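*Asks:* 3D, please:
(one chain, ligands or ions: 1)
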Amino acid sequence: MFRSRLPLRADQLCRLTACHGPARSTATRKYAAQTQNTSSSRAQRVAVWTGSLGGAALVAAYFFWPDTSRSAPTYTDATLSPAYFTPVTVTATERCKDPNTCLMELTVPREALPPSRDRLFAPIWSVYIKDDDIQVERAYTPLEGIDEDGRMRFWVKKYPKGEVGRWLHSKRAGDKIEIRGPLKTYHWQEDKWDEVVMISGGTGITPFYQLIHSTLLSTGTATPSPRFTLLHSARTPAELPPPELLQPLQSYSVANPDRLRVRLFVDQLDGSSSETVPTGDLQVGRIGQAALSQALSSSQQLSWWQRWFQRSNPVLNTDRKILFLVCGPEPMINAIAGPYGRNYSQGTVGGALAEIGCRAEQVWKL
Ligand SMILES: Cc1cc2nc3c(=O)[nH]c(=O)nc-3n(C[C@H](O)[C@H](O)[C@H](O)COP(=O)(O)OP(=O)(O)OC[C@H]3O[C@@H](n4cnc5c(N)ncnc54)[C@H](O)[C@@H]3O)c2cc1C
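*Replies:* Below you'll find the model as predicted:
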């Protein structure tokens, strides 16, 4: 989920090298068929050496190329910026029912707050948090953006072998940590869409919460905006987001069903429960083509024959401008929207969204 935009890791480096492999061997085979003589073997030796040197250079570049997380300086007397780290204070932490997640509040010192914030902190944005012990950074999404006093709230998940998540869970109120940002996760354009369908898994809900908070929860109902549908999934009821996230979403959607709809999915009912949602209101199973089609067809006032006609292709058979945003673990992204492309590109639309007829310009994988 949330593909990291950090410099390439060893596994990604291997992927890149592997991609070049077949092309190189095809070229070699073609060349060998043309000239079966000594000059060919000399050329092959040169090619092997060049390849090896190239490989070594790539590996060296990975280790010695300036890595922003290691090389970005820390300034205590400058405003918050993506170019350097700023020390901030952990002002609150709260364990969630799911012990692998916590809510954490960070406060940026008043003197580090940028003077004009509207554009900088327009949705959807994140900050990098640096794990001081090992000098590694990861992106995290402030749920409600940043307030006048510099406060930001995060929902943070730790993974059994994860670095920064576990380190963050060990922090307590009063501790100092370093952040840099804001960084744009997705450039939201308010008046471009009639309908926005957000599909998330786990902490993949955080950028969508920020978007909904910014466009609906914090503005009341007066501002015109697209209609939002959030389809969120967790493995079990206990792993659903804490009440601090789910309650505002649920209350808003009950009061304004024409502006926001929330559907919650769990892989299985394991006897655990959510603090916010009765188990009977949860849908059991993965989000797939049926859930997507249902979300779209029930969003429009259609006659029975229009609904019947749309079943085959709810996205193509409409004049409405529909956007699909997807954020979650990589297997979920793959199943819903198809895998990312090479070098962090969006890749083609695949999975359930391709099955219902989505085009590339309608889909964004966060
Ligand atoms: C723009 C952006 C915003 C983000 N916002 C948030 C946020 O608000 N809250 C939040 O908790 N996270 C968020 N993330 C994810 C976060 O940046 C880290 O990737 C995540 O916390 C794991 O980092 P780590 O150092 O703990 O684990 P790592 O050391 O990176 O990973 C160790 C191991 O943990 C497992 N692992 C790591 N990430 C995942 C995953 N997502 N799903 C399943 N297994 C995984 C892998 O098996 C991996 O081998 C965001 C990411 C991006 C790019």
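
*Asks:* now the end-to-end length of stretch 356-366.
*Replies:* 20 Å (C-alpha to C-alpha, to the nearest Å).

*Asks:* off-centre distance for that stretch?
*Replies:* 15 Å (C-alpha atoms, centre = their mean, to the nearest Å).

*Asks:* before we move on, what about stretch 108-123?
*Replies:* 22 Å.

*Asks:* now residue 285: how far from residue 91?
*Replies:* Distance, residue 285 to residue 91, by C-beta to C-beta, to the nearest Å: 39 Å. From N, CA and C alone the C-beta is placed, and that goes for glycine too.

*Asks:* residue 340 too?
*Replies:* As judged by C-beta to C-beta, residue 340 and residue 91 stand 35 Å apart.

*Asks:* again, but for residue 326
*Replies:* 32 Å.

*Asks:* which one of the two has more residues nearby?
*Replies:* Neighbour count, other C-beta atoms under 10 Å: between residue 326 and residue 91, residue 326 has more, with 28 against 17.

*Asks:* what pairs with the more buried one across the strands?
*Replies:* residue 199, residue 365 (DSSP bridges).

*Asks:* residue contacts, it?
*Replies:* Shown in contact with residue 326 (C-beta atoms under 8 Å, 6 or more residues apart in numbering): 198-200, 332-333, 336-337, 353, 363-366.

*Asks:* ok, of those residues, which one's closest to residue 116?
*Replies:* For those, the minimum distance to residue 116 (C-beta to C-beta) is 26.0 Å, reached by residue 366.

*Asks:* what is the neighbour count of that closest one?
*Replies:* That count, for residue 366 with other C-beta under 10 Å as the rule, works out to 21.

*Asks:* that one contacts residue 205, correct?
*Replies:* No. At 10.9 Å, residue 366 does not count as touching residue 205 under the criterion of C-beta atoms under 8 Å.

*Asks:* can you list residues touching both of these two?
*Replies:* The contact sets of residue 366 and residue 205 overlap at residue 327 (C-beta under 8 Å, 6+ apart).

*Asks:* report the distance from stretch 93-103 to the chain centre.
*Replies:* Using C-alpha atoms, centre = their mean, the offset of stretch 93-103 from its chain centre is 20 Å.

*Asks:* I meant to write stretch 177-184 there.
*Replies:* Counting by C-alpha atoms, centre = their mean, stretch 177-184 is centred 16 Å from the centre of its parent chain.

*Asks:* hmm, who's touching that stretch?
*Replies:* Contacts to stretch 177-184, defined as C-beta under 8 Å, 6+ apart, come from residues 72, 74, 80-88, 90, 106, 108, 120-121, 124-130, 132, 137, 139, 168, 171.

*Asks:* give me the buried stretch members for that stretch, please.
*Replies:* Going by neighbour count (16 or more other C-beta atoms under 10 Å), the buried part of stretch 177-184 is 177-182.

*Asks:* TSV for those residues, including pLDDT?
*Replies:* Listed next are the buried residues of stretch 177-184 as TSV, based on pLDDT from 0 to 100:
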residue	pLDDT
177	97
178	97
179	98
180	97
181	96
182	97
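
*Asks:* of the residues you listed, which belong to strands?
*Replies:* Among the buried residues of stretch 177-184, the members falling in strands (DSSP state E) are 177-182.

*Asks:* where does the stretch 51-200 of the chain come near the ligand, residue by residue?
*Replies:* 126, 138-141, 154-157, 159, 161-165, 185 (C-beta under 6 Å from any ligand atom).

*Asks:* with that, I have no additional questions.
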